[in-house]
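Asker: Fold the stuff below for me.
(chains A and B)
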Amino acid sequence: MRRQVPLLALAALSVGGCVQTQQYADLQFAPPQGDYKLLVLRPDIQVGAVTTGGLVEARADWTEQARANVIAALRAQQAGRGGQTLILDRRDSLAAVPAEQVAELERLNAAVDQSIALHKYSGVSLPTKRRRGLDYTLGSDAVRFGQRTGYDYALFLHAEDSFASQGRVALQVLGIAGCFIGFCAPNVGGAGQFAYASLVDLRTGEVVWFNVLQAGSQVAGLKMGDLRTPDGAAQMVERLLGLMKPGREVRRAQAAQRARP
Amino acid sequence: MTSLSRRTMLAGAGATALFGGTAASARIDPASLTPMVGPGYRPQDPDERGMWQQMARVEEEIAGSNLLVQDPALNRYLQGLVGKVGGPATSDLRVYLARVPEFNAMMFPTGFAVVFTGLLLRMRDEAQLAGVLAHESSHFLLKHQLRQWRDTRRKTDIYSFASMLGGVVGGAAGYYTGNLDQLAQLGTILTLLRYNRQLEAEADALGIKLIAQAGYAPLSMAETWQQLIGEIELSAAVRRKRPDRGYSIFADHPAPRDRMIDLTASATGLTVPGRRYDRGRERYLAAIAAIRPTLLDDQVKLNDAGASQYVIQTLAQDGWNGLLRFYEGESLRLRNTPDYDARAALSYAAAVAYPDAPADAWRWHGIALMKAGRRDESHAALQRYLALAPSAPDAPFVRQMLAS
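Answerer: Below you'll find the model as predicted:
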C-alpha cells in the first residue's frame, strides 16, 4: 500500500499542466486577411511572482520585459497575415482623436468584455443570446472612432503571467515529501498564464471575435509559457490569436462550397 | 463534524497568540512617528516598483473619471491644503475630488488621494478637512500600503508553510491537524486585520502632528469623529436599527469612538495653551460655496433621514441660512408622512426668510401654503419662485396654475 503513494504523486505531476483556449465569433465573422488596418489598443500586460502563501506580487521589470515581447510578437504575427498594424502604447498617440476618446472606447470595451466573460464563460448564459455566436457591440461610438482614424479593426488584449517563487517551490517539495509518510499535498499550484483578446470591427462597431487563454500547472516551478522571453510571448500570441475560427455561418458556407463537386 | 479536542484548542490558541493576538492596542504617541518618505520619493524595491507600476494605471483611470468634480478653483484649494499638511511629500501629493455622497477619503501608495464630496459636506471648517487630508497624507508618508502588503505576504507565507509542515508532521504521527489548521487560518486573518487597525492608528497619530505643525487646532480631528459617531447613531435610530459601532475583531479600522478618544488625548498634548488657532471657516466656506447646494442635494437624496438631519444640524451649529433650512425641509418632506410634511412646511417658511434661499424653497413654500388653504400667500410665493427661476422645467405648469 505504501509503495503506491509515490507512483500516485508522479501521476498527479504528469497531468498537472494544461493549456486551453475557448473562442467565440460573430456568426458572419471571417478572420481578417489581406489588406486590412488593425489598431491594437494598449496591450494590458501584468507579470508577477507567486509568493509562498499563494499571492501574486506584481513585478515591474518582468512586466516591462513581457510587454515589449508581446508587442514584438503581435507585430510579427500580424505582418504574416498581410495587415497593417498600429500598436498604441499611450492613449494620446493617435493624431485624429483626443486621448479622452481613446479612454472612453477602452472603458466601454472593458465593460462589454466583462459582460462577455460573465455570459459566455462564467456559465450565466443569456437565453436571448443562445446559439447566436458572439452578439455584442460597442455601438456607433466605435464606428465613429473607425471613421476618424481610418482603421478597420480594433484589438484589445489583456495578459497576466506569474511564476512560482522559491518558497512556493519549496512548499510543493514539502507537500510531495509528505506523500511518503501519509500526508500528500502535491498540487499546491504554481505559475499561471491568463489572457484574453477581443476583436472589434470598427466598420460595424460589433465585437466580432473573442478568445480566452488559460495556461497553468499544478506544479510550482513548471512553466507553461513565459512572457518574459520572446519565444514565450510569441507562443502566447499564437495560442491566443493564431487560429481565428470563422463564424458559424461562414463555416457552413465554406463546408457547402467544399461539398459541391 | 469532529469536535475539537482540548489539546487542539490549546494549540490553536497558541498559533493565534504566535501572530500577536487581537487585543486592542494602546494609543500611539504622535511624537514617536516620523515620515519615511522624502521629497521626490521613488520606489526602492522590486515589490514597491511593482506596486507603483500598477498604480500608475489606476491613477490614469481615476484622473479621467467622469465622477470627478471639475471645478478648477476648488481643486486648486484642495491641492493647496494637502500641500500644507503633506509633510516632506508636500509637492508630490495629488488630490482628486469624486462626486460620491459618502464620508470617505483614500490614499494610494504612490501619493494620490481620492476625496469624496460627502466628506466636504460634513466638514465645518478648514481645520477639520486638513485633519482628514493629513491622515491620508500620513498613509503615504509611512508607506502603509507597502508595509501592509509585506505583512500580508509574510504572514500568509508563514501560515502556508506551518500548515503544510503541520500536516506532514501530523501525518507521520497519525494525528489529524485539520481543526488546528482552521484555527491557525482564522488567527492569520485576525492578525492581518489587527495590523491594518494599527496602521490607521498610526495615520491618525502622524496626521494630528502634521496639522498641529501647520497651525490648525489639533482638536479638530477628534471633533470629526465625534460628528461621525453622532451621524451613525441618529441614522440607525431613525431606521430603528442598532448602530454598527465597528467594535469587532473583524474590523479593518479602529472603532470611531476609540479613534476619537485617542485623538482627543493626543490633541491635549499638542495644543499650545493660550494660543489662538485659526479654524479657517470663512476660507473653507468660500471654497465650497459653488458646490454646496449639490453636496446637500446629493446627501438628501440618499434618503437616509437620520444622517441628513444630523449633518444639517451639525452644519447649522455655525448658523442657519436659507440653503440649510431648505434642505432640512427636503429631508423632512422625503419622509413622506403628514407629520413630517407639516415640519417640512415650517422649514421652507424659515428658509424663505433668508436672502440666500434657493428658488426651490419658494416653490415648496408656495405648495405648502396652497395645501394649508392660504391661496393669496401661496400665489405670492409661487410668483417669487417664477421670478427667481423663470426657466425652471416646471415653470409653465406653475404659470398655468397661477392663471387658473
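
Asker: what's the neighbour count on the residue in the stretch 1-150 of chain B that chain A sits nearest to?
Answerer: In the stretch 1-150 of chain B, the residue that lies nearest chain A is residue B:50 (3.3 Å; C-beta to the nearest C-beta). C-betas here are computed from N, CA, C, even on glycine. When neighbours are counted by other C-beta atoms under 10 Å in any protein chain shown, residue B:50 registers 24.

Asker: For residue A:236, see how far away it is.
Answerer: Noted for residue B:50: a distance of 20 Å to residue A:236, by C-beta to C-beta, to the nearest Å.

Asker: try residue A:125
Answerer: When C-beta to C-beta is applied, the distance between residue A:125 and residue A:236 equals 28 Å.

Asker: Pick out whichever of those two has more residues nearby.
Answerer: Taking other C-beta under 10 Å, residue A:125 and residue A:236 do not tie; residue A:236 has more neighbours (29 against 12).

Asker: Give me the secondary structure label for the residue of the stretch 1-150 of chain B closest to chain A.
Answerer: Following DSSP: H, G, I helix; E, B strand; the rest coil, residue B:50 is assigned to helix.

Asker: and if you look at residue B:96?
Answerer: At residue B:96 the chain is in strand, as set by three-state DSSP.

Asker: Go ahead and confirm it touches residue B:68.
Answerer: Yes. Taking contacts as C-beta atoms under 8 Å, residue B:96 lies within contact range of residue B:68: 5.7 Å.

Asker: Overlap in contacts, these two.
Answerer: Listed as contacting both residue B:96 and residue B:68 by C-beta atoms under 8 Å, 6 or more residues apart in numbering or on different chains are residue B:62.

Asker: Looking at those two, which is more packed in?
Answerer: Taking neighbours as other C-beta under 10 Å, residue B:96 and residue B:68 compare with residue B:96 leading, 19 against 15.

Asker: Chain neighbours aside, what residue packs nearest to that one?
Answerer: By the measure of C-beta to C-beta, 6 or more residues apart in numbering or on different chains, the closest residue to residue B:96 outside its immediate chain neighbours is residue B:114, 5.0 Å from it.

Asker: repeat for residue B:89
Answerer: Closest to residue B:89 by C-beta to C-beta, 6+ apart is residue B:37, at 5.4 Å.

Asker: Low-confidence bits of the chain, can you list those?
Answerer: Assuming you mean chain A. For chain A, residues meeting the criterion pLDDT under 70 lie at A:1-16, A:261.

Asker: Chain B is the one I meant
Answerer: In chain B (pLDDT under 70), the answer is B:1-25, B:245-247.

Asker: Tell me where it has strands.
Answerer: B:94-98, B:105-107, B:112-116 (DSSP state E).

Asker: export the ones you listed to a markdown table and tack on distance to residue A:118?
Answerer: Formatted as a markdown table, these follow (distance: least, C-beta to C-beta, whole Å):
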| stretch | distance to residue A:118 |
| --- | --- |
| strand B:94-98 | 26 |
| strand B:105-107 | 27 |
| strand B:112-116 | 27 |
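
Asker: how about those strands, which one is nearest residue B:241?
Answerer: Taking C-beta to C-beta, strand B:112-116 is the member of the strands of chain B nearest to residue B:241, at 23.0 Å.

Asker: ok now the closest one, how far from the chain's centre?
Answerer: Offset of strand B:112-116 from its chain centre (C-alpha atoms, centre = their mean, to the nearest Å): 11 Å.

Asker: and what of stretch A:227-245?
Answerer: Chain-centre distance of stretch A:227-245: 9 Å, with C-alpha atoms, centre = their mean.

Asker: Return it as PDB; C-alpha atoms alone will do.
Answerer: The C-alpha coordinates for stretch A:227-245 follow below in PDB (Å, rounded to 0.1, in the frame of the first residue of the first chain):
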ATOM      1  CA  LEU A 227       6.000  36.100 -21.400                       C
ATOM      2  CA  ARG A 228       9.400  37.300 -20.200                       C
ATOM      3  CA  THR A 229      11.100  35.600 -23.100                       C
ATOM      4  CA  PRO A 230      10.400  36.400 -26.800                       C
ATOM      5  CA  ASP A 231       9.600  32.800 -27.500                       C
ATOM      6  CA  GLY A 232       7.100  32.600 -24.700                       C
ATOM      7  CA  ALA A 233       5.400  35.800 -25.800                       C
ATOM      8  CA  ALA A 234       5.200  34.500 -29.400                       C
ATOM      9  CA  GLN A 235       3.800  31.300 -28.200                       C
ATOM     10  CA  MET A 236       1.100  33.100 -26.200                       C
ATOM     11  CA  VAL A 237       0.200  35.400 -29.100                       C
ATOM     12  CA  GLU A 238       0.000  32.300 -31.400                       C
ATOM     13  CA  ARG A 239      -2.200  30.400 -28.900                       C
ATOM     14  CA  LEU A 240      -4.500  33.300 -28.400                       C
ATOM     15  CA  LEU A 241      -4.800  34.800 -31.900                       C
ATOM     16  CA  GLY A 242      -3.200  32.200 -34.200                       C
ATOM     17  CA  LEU A 243      -6.200  30.100 -35.100                       C
ATOM     18  CA  MET A 244      -9.100  32.500 -35.500                       C
ATOM     19  CA  LYS A 245     -12.100  30.400 -36.100                       C
END
